[in-house]
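> pasting a predicted model and its sequence here:
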Amino acid sequence: MGPGTEFGFELRVCAWAERSWPPGSDRDVPVLVARQLGWGRRRWDTLVFEVDSTALGERGAFGPERLNGDLLHVVRNAPADWAYYRDALPHPGYPWRYVREAIHEAADRDVLESRKQGRRIEIRRIRPYPDWIDRVVAIENKPDLDASAARALQGQLERDVALGLADEVWLATERTGDRVEPALLEQIPVDVGILTLEIAADGGAQGAEVLWQPRSLEVDRPGTRIVDRAETGGYDQSAATFEYMSPAEKRDKRLEIGERAYERGWRGYIDTMRSDCRHFDLLRVDPTYVPYCRAKDREQTAHECRGGCPQFEPEPPAWRQRGWPLSGGPGGTVARVLAERRARQRQAGSAESNSTSERGSASR
Ligand code: SF4
């Protein structure tokens, strides 16, 4: 039994990264892992944030919800003593009225103090916003990497390297056991690391092997965004077009993505899946749980496990009375356990716990 889908593989990569990052090293690095986050049209499959665990703990005082770009601008620049907001904050690059809205929202969320002095709004910080992200690692997952998949990925990975928003870019693929892993034979940019995940017969991820070390990208230098370029190997001779991203923009973007990762983690998939379906189950595959559909008798994807699924059947009401909490039956419990784990990962960038009590509470 294996993941069968990119979605299942992705969950295993996230779980493995949470427990074992960085690959091929004995260093113990606290991490926060997220999936399917990015900016613009780019979404990375897996994002690993290497964090300062003390600073990550301090971030908790700002609440579990993300601070968006506008809120971050206000919270990060708020002064220690009362000051008129336009004197205290750098010009945001957009109209001040949006800053006023952000101030009101920040005050409502108790992450900033504000007061009216005549017609003026003054602000004061409650606490400094901590610098909790050390490094950002982007991982592209492709379990069955063949030549055409590699070709499709090549341009995207080159864009990631040119932009340098992440400190490292990796490609994760499933180990084939061939004498030479196919990933080494494909045209993957040399700056991109390659790792293979070994999937056991029971579907668990047994470990990862680094086939190729990535180059550390220069996140403190301007990045190049390839907006448009000619098709590789075609007859299109048109010039490529680029945009530049300054180091300050990159820093802001990394933090905004980090805030979304802080809110969602990688277990947020449960929020869109039908865990209230009687066929929904979670399967224990080391080192994590993966969704399993008893009707399809296989791991389902988040995309197919939705309201439109033709095999959806609601949990029988009786399930909610057999010792399950009043707020839901087994599916509700599964969702709660995953939410608790997400919260725990936020607190310390900690690895997933394997305690048997948690295992018992999540499985049916
Ligand atoms: S039957 Fe459909 S909705 Fe129910 S668990 Fe399976 S995939 Fe999800």
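Great, that's in hand.

> can you list the domains in the protein?
The record assigns the chain these domain ranges, following automatic domain parsing: 6-52+132-265, 55-125, 268-362.

> start to end distance for the shortest one?
When you say that, I think you mean domain 55-125. Terminal residues of domain 55-125 lie 17 Å apart, using CA to CA, to the nearest Å.

> next: stretch 168-185.
For stretch 168-185, the end-to-end distance is 21 Å (CA to CA).

> mean neighbour count and mean pLDDT for the domains of the chain - can I get that in JSON lines?
(Glycine included, C-beta is placed from N, CA and C.) Output for the domains of the chain, formatted as JSON lines (neighbours: other CB atoms under 10 Å; pLDDT from 0 to 100):
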{"stretch": "domain 6-52+132-265", "mean neighbour count": "17", "mean pLDDT": "89"}
{"stretch": "domain 55-125", "mean neighbour count": "16", "mean pLDDT": "97"}
{"stretch": "domain 268-362", "mean neighbour count": "17", "mean pLDDT": "76"}
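
> contact partners of the strand or helix carrying A17?
Taking DSSP states H and E as the criterion, A17 maps to helix 6-20. With CB atoms under 8 Å, 6 or more residues apart in numbering as the test, helix 6-20 has contacts from 2-3, 31, 33-35, 45-46, 48, 139, 141-143, 172, 174, 197, 199, 204-205, 207-208, 266, 269, 285, 287-288, 290, 299, 301-303, 345, 351-352.

> list the residues that contact L71.
Contacts of L71 by CB under 8 Å, 6+ apart are A102, E105, A106, R109, V111.

> hang on, the earlier thing: restrict the following helix or strand past the helix holding A17 to CA atoms and write it as PDB.
Per DSSP H and E, the first helix or strand lying C-terminal to helix 6-20 is strand 31-39. The C-alpha atoms that make up strand 31-39 are tabulated as PDB, following Å, rounded to 0.1, in the frame of the first residue of the first chain:
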ATOM      1  CA  VAL A  31      10.700  23.700  12.100                       C
ATOM      2  CA  LEU A  32       7.200  24.700  11.100                       C
ATOM      3  CA  VAL A  33       5.900  22.900   8.100                       C
ATOM      4  CA  ALA A  34       3.100  24.000   5.800                       C
ATOM      5  CA  ARG A  35       1.800  23.000   2.400                       C
ATOM      6  CA  GLN A  36       0.300  24.600  -0.700                       C
ATOM      7  CA  LEU A  37       1.400  28.100   0.100                       C
ATOM      8  CA  GLY A  38       3.100  30.700  -2.000                       C
ATOM      9  CA  TRP A  39       2.400  34.000  -3.600                       C
END
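
> just how off-centre is strand 31-39 within its chain?
The chain centre lies 1 Å from the centre of strand 31-39; the measure is CA atoms, centre = their mean, to the nearest Å.

> tell me which residues are up against it.
Contacts for strand 31-39 (CB under 8 Å, 6+ apart): 10-11, 14, 17-18, 21, 43-51, 56, 165, 253, 256-258, 260-262, 264-266, 269, 345-346, 349.

> please redo it, this time with the cut-off set to 7 Å
Residues outside strand 31-39 that contact it (CB atoms under 7 Å, 6 or more residues apart in numbering): 10, 14, 17-18, 21, 43-51, 56, 253, 257, 260-262, 264-266, 345, 349.

> name every strand pairing with it and say which way it goes.
Paired neighbours of strand 31-39 in the sheet (DSSP bridges): strand 42-51 (antiparallel).

> helices of the protein, start to end?
6-20, 53-59, 69-77, 85-88, 96-108, 147-163, 247-264, 330-348, 356-362 (DSSP state H).

> switch those helices over to CSV; also include distance to I226.
Supplementary listing: the helices of the chain in CSV, determined by distance: least, CB to CB, whole Å:
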stretch, distance to I226
helix 6-20, 24
helix 53-59, 33
helix 69-77, 23
helix 85-88, 37
helix 96-108, 30
helix 147-163, 5
helix 247-264, 15
helix 330-348, 34
helix 356-362, 43
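
> the ones you listed: which one's closest to the ligand?
Of all the helices of the chain, helix 330-348 sits nearest to the ligand, with 8.8 Å by CB to the nearest ligand atom.

> could you export that closest one as CSV, CA atoms only?
Backbone C-alpha positions of helix 330-348 (Å, rounded to 0.1, in the frame of the first residue of the first chain) are rendered in CSV as follows:
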residue,chain,number,x,y,z
PRO,A,330,-15.5,10.1,14.8
GLY,A,331,-15.0,12.5,11.9
GLY,A,332,-15.3,15.5,14.3
THR,A,333,-12.8,13.9,16.6
VAL,A,334,-10.3,13.4,13.8
ALA,A,335,-10.6,17.0,12.8
ARG,A,336,-10.1,18.1,16.4
VAL,A,337,-7.0,16.0,16.9
LEU,A,338,-5.4,17.4,13.8
ALA,A,339,-6.3,20.9,14.9
GLU,A,340,-4.7,20.3,18.3
ARG,A,341,-1.5,19.0,16.6
ARG,A,342,-1.4,22.0,14.4
ALA,A,343,-1.6,24.2,17.5
ARG,A,344,1.1,22.3,19.2
GLN,A,345,3.4,22.6,16.2
ARG,A,346,2.9,26.4,16.3
GLN,A,347,4.0,26.6,19.9
ALA,A,348,7.4,25.2,19.6
